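Engineer: Need a 3D model of the following:
(one chain, ligands or ions: 1)
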Amino acid sequence: MFVSAKGMYYTTDEGQEVLDGVSGMWCVNAGHGREPITEAIRAQAGQMDYATAFQMGHPLAFELATRLTTLLPGDLDHVFFANSGSEAVDTALKIALAYHRARGEGTRTRFIGRERGYHGVGFGGTAVGGIVNNRKQFGNMLGGVDHLPHTHNLEKNAFSRGQPTWGAELADDLEKLVALHDASTIAAVIVEPMAGSTGVLSPTGWLSRPAARDLHPARYPADFR
Ligand SMILES: Cc1ncc(COP(=O)(O)O)c(C=O)c1O
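Structural biologist: Take a look at the predicted model:
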């Protein structure tokens with residue numbers, strides 16, 4: 001039983017310190033019990049603990065969104081806050097559907113994930129994820145989902161300096177899925193650049209492939225990312 005935490009150590013109910021080698025589970029990266037963070041939480045709870053987000057806003061949410069956009073690549077300049085990664089993934093899948101529908105391409109409903117991928121515990125995230133035990137337990141609750149191959153290959157990737165060059169050809173499977181279903185049926189592809197939940201899997205050369213929209217610009221609207 002852990003009863004307290006400070007910096008990178010937990011303390012058990014028997015007073016033993018335990019190194020938190022995984023930062024909570026990658027969510028306490030700034031360390032436990034950091035005073036500036038604790039103080040900010042305390043101050044905000046004292047000023048306003050909660051306000052409905054329906055038709056309302058708070059200046060700090062806009063300030064954070066603005067700061068985030070300076071970190072995002074390219075011209076990504078919109079932020080949609082969610083309560084967890086699982087909620088964010090399900091929301092992203094829904095945004096993809098709504099985006100295509102709004103453009104008059106409501107046939108784009110198919111999602112493509114990757115084997116061994118993890119995208120959270122929601123129905124959408126579990127369906128596009130590639131974790132066998134989750135899929136075994138819950139079935140395929142979202143229709144129209146395909147998976148690309150994962151990038152783990154010890155023989156090809158072992159002892160690489162930097163990112164392995166092997167694996168770029170795995171991206172060709174996306175072309176095969178497009179040929180099988182037609183691009184007009186595909187809403188989105190979702191992959192983790194660096195997979196982490198079924199072992200830390202290198203992206204290999206996979207994500208360095210030119211984006212499909214660059215290879216086949218005619219298939220994509222001008223504002224498609
Ligand atoms: C790539 C990815 N997507 C989604 C999730 C789910 O996030 P959460 O646990 O906050 O629901 C995780 C969590 O590790 C993740 O690594």
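Engineer: Please count neighbours and contacts with C-alpha atoms only from this point.
Structural biologist: Noted.
Engineer: mind showing which ranges of this protein have poor pLDDT?
Structural biologist: 208-216, 219-225 (pLDDT under 70).
Engineer: quick one: the longest helix along the chain to chain centroid distance?
Structural biologist: Once the chain is assigned using DSSP state H, the helix that runs over the most residues is helix 85-102. Computed by Cα atoms, centre = their mean, to the nearest Å, the chain-centroid distance of helix 85-102 equals 12 Å.
Engineer: before we move on, what about stretch 54-66?
Structural biologist: 22 Å.
Engineer: residues making contact with that stretch?
Structural biologist: By Cα atoms under 8 Å, 6 or more residues apart in numbering, the residues outside stretch 54-66 that reach it are 78-79.
Engineer: again, only this time at 6 Å
Structural biologist: With Cα atoms under 6 Å, 6 or more residues apart in numbering as the test, stretch 54-66 has contacts from Val79.
Engineer: So which bits of that stretch are buried?
Structural biologist: By 16 or more other Cα atoms under 10 Å, the buried positions in stretch 54-66 come out as Ala65.
Engineer: now do stretch 14-28
Structural biologist: Going by neighbour count (16+ other Cα under 10 Å), the buried part of stretch 14-28 is 17, 20, 23.
Engineer: Excluding residues flanking it in the chain, which one is nearest the residue of the chain found nearest the ligand?
Structural biologist: Closest residue of the chain to the ligand, Cα to the nearest ligand atom: Gly85 (3.2 Å). Among residues not flanking Gly85 along the chain, Gly120 sits closest, at 6.4 Å (Cα to Cα, 6 or more residues apart in numbering).
Engineer: so of the buried residues of stretch 14-28, which ones are in helices?
Structural biologist: Going by DSSP H, the helices hold Ser23 from the buried residues of stretch 14-28.
Engineer: export the buried residues of stretch 14-28 to TSV and tack on distance to the ligand?
Structural biologist: Output for the buried residues of stretch 14-28, formatted as TSV (distance: Cα to the nearest ligand atom, whole Å):
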residue	distance to the ligand
Glu17	25
Asp20	16
Ser23	12
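Engineer: before we move on, the earlier item: what's in contact with the longest helix of the chain?
Structural biologist: 82, 106, 120-122, 124-125.
Engineer: Partner strands of the helix or strand just after that helix, with direction?
Structural biologist: Later in the chain than helix 85-102, the nearest helix or strand by DSSP states H and E is strand 110-114. Strand pairing for strand 110-114, determined by DSSP bridges: strand 145-148 (parallel), strand 186-189 (parallel).
Engineer: Export those strands as CSV, with columns for mean neighbour count and distance to Trp166.
Structural biologist: Below are the strands paired with strand 110-114 laid out as CSV (neighbours: other Cα atoms under 10 Å; distance: least, Cα to Cα, whole Å):
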stretch, mean neighbour count, distance to Trp166
strand 145-148, 20, 16
strand 186-189, 20, 21
